[in-house]
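> structure of the sequence below:
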Amino acid sequence: MSSSNLKPRTLSAVVLLSGTGTNFSAIAKAIQQDALPIDIRAVLSDRPRAQGLERARALQYPTQTVDASQYPDRATYDQALIKAIDAYAPQLLVLAGYMRILTPAFVAHYSDRIINIHPSLLPSLKGLHTHQRALDARHAEHGCSVHFVSDLLDDGPLVAHAPVPIQPDDTAQTLAARVQAAEHRLYPTVLGWLATGRLQCIHHQLWLDGARLSQPIRLDGLYQSGPSP
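Numbers count the residues shown, from 1 in each chain. Coordinates of the predicted model:
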């Protein structure tokens with residue numbers, strides 16, 4: 001993706017994360033390199049000690065914690081989270097390792113504006129522990145997916161897949177490392193399509209370069225593209 005073809009940074013976003021924040025770091029790196037025209041207005045987490053918050057502070061992004069342990073149920077928590085997010089008026093919510101299941105009311109509030117990355121080739125292997133499950137099922141390939149979010153677990157319109165071949169000597173750890181390398185390239189790529197207007201999600205339908213996207217775009221070889229952030 002050439003920076004000379006990009007529009008000004010007009011797509012505002014809030015990032016939600018729960019853990020280490022490596023996908024956030026990959027996105028931030030692309031922004032710093034003028035390869036991704038997105039304005040990250042804040043990084044929010046449900047966990048006060050999430051490492052991703054430290055990464056964000058080091059890059060001087062505003063951060064905020066909406067601590068899930070302080071709320072009695074999912075609905076109450078999500079209403080507090082909506083209030084925190086809306087203060088930044090983002091056009092897009094970027095889930096980057098956000099580990100909470102969102103309520104239907106939350107998803108409806110941000111309809112067609114929540115995007116996520118998941119470590120499997122959706123719709124296969126929804127949920128957790130995908131790397132070991134791919135090995136146990138003797139899949140020939142694994143990978144990651146970027147999708148817009150619905151109110152079902154790891155569901156919603158699929159934008160792109162980054163396949164990762166499974167090697168005979170793979171463990172869950174070695175496979176996870178290659179999938180993560182693919183994630184760090186797939187997510188900024190798809191966000192770039194959004195930020196430059198190539199990709200749109202309208203009434204739960206995807207459009208890429210003016211044509212309806214009926215199948216996810218397959219981007220091979222992303223796990224081979226050098227060191228991860």
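
> in its sheet, what does the helix or strand where residue 200 lies sit against?
Applying DSSP states H and E as the criterion places residue 200 in strand 199-202. Take DSSP bridges as the rule and strand 199-202 pairs in its sheet with strand 205-208 (antiparallel).

> which outside residues touch the first helix or strand past the strand it pairs with going along the chain?
Going down the chain from strand 205-208, the next helix or strand is strand 211-212, by DSSP H and E. When contacts are defined by CB atoms under 8 Å, 6 or more residues apart in numbering, strand 211-212 is touched by residues 205, 206. C-beta coordinates here come from the backbone N, C-alpha and C atoms, glycine included.

> helix or strand next in line after strand 211-212, which one?
strand 217-218.

> which helices and strands does the biggest helix by length in the chain pack with?
If you go by DSSP state H, the chain has its longest helix at helix 172-195. Under the contact criterion of 3 or more CB pairs under 8 Å, 6 or more residues apart in numbering; DSSP states H and E, helix 172-195 touches helix 22-32, strand 114-118, helix 130-136, strand 141-148, strand 158-165, strand 199-202.

> right, and the ones you listed - which one's nearest residue 67?
For residue 67, the closest of the helices and strands packed on helix 172-195 is helix 22-32, at 18.8 Å, according to CB to CB.

> determine how far the helix or strand following that closest one lies from the middle of the whole chain.
Next in sequence after helix 22-32, counting helices and strands by DSSP H and E, comes strand 38-45. Relative to its chain's centre, strand 38-45 lies at 13 Å (CA atoms, centre = their mean, to the nearest Å).

> strand partners (parallel or antiparallel) of strand 38-45?
strand 11-17 (parallel), strand 63-65 (parallel).

> contacts for the first one?
For strand 11-17, the surrounding residues in contact (CB under 8 Å, 6+ apart) are 23-24, 27, 37-46, 50, 52-53, 56, 85, 88-98, 194-195.

> can you check stretch 145-155 too?
With CB under 8 Å, 6+ apart, stretch 145-155 has contacts from 95, 101-104, 107-108, 112, 114-118, 120-123, 126-127, 156-162, 186-187, 190, 201, 204, 206, 216.

> tell me which residues in it are buried?
By neighbour count with 16 or more other CB atoms under 10 Å, stretch 145-155 contains the buried residues 145, 146, 147, 148, 149, 150, 154, 155.

> stretch 32-40 too?
With burial defined by 16+ other CB under 10 Å, the residues of stretch 32-40 counted as buried are 36, 37, 38, 40.

> stretch 176-193 now?
Going by 16+ other CB under 10 Å, stretch 176-193 has these buried residues: 176, 178-193.

> hmm, who's touching it?
Contacting residues not belonging to stretch 176-193 are listed as 1, 6, 22-23, 26-27, 29-30, 35-38, 94, 96, 115, 117, 119, 131, 142-144, 146, 159-160, 162, 164, 199, 208, 219, 222-225, 227-229 [CB under 8 Å, 6+ apart].

> partners of the residue lying closest to residue 98 once chain neighbours are set aside in the sheet?
Sequence neighbours aside, residue 16 is the residue nearest to residue 98 in space, at 4.1 Å (criterion: CB to CB, 6 or more residues apart in numbering). For residue 16, the beta-bridge partners are residue 44, residue 95 (DSSP bridges).

> look at residue 16 and report its pLDDT.
Listed pLDDT for residue 16 reads 98.

> count of neighbours near it?
As a burial measure, residue 16 scores 25 neighbours (other CB atoms under 10 Å).

> if we can go back for a sec, most packed of the helices and strands packed on helix 172-195?
strand 141-148 (a mean of 25; mean count of other CB atoms under 10 Å).
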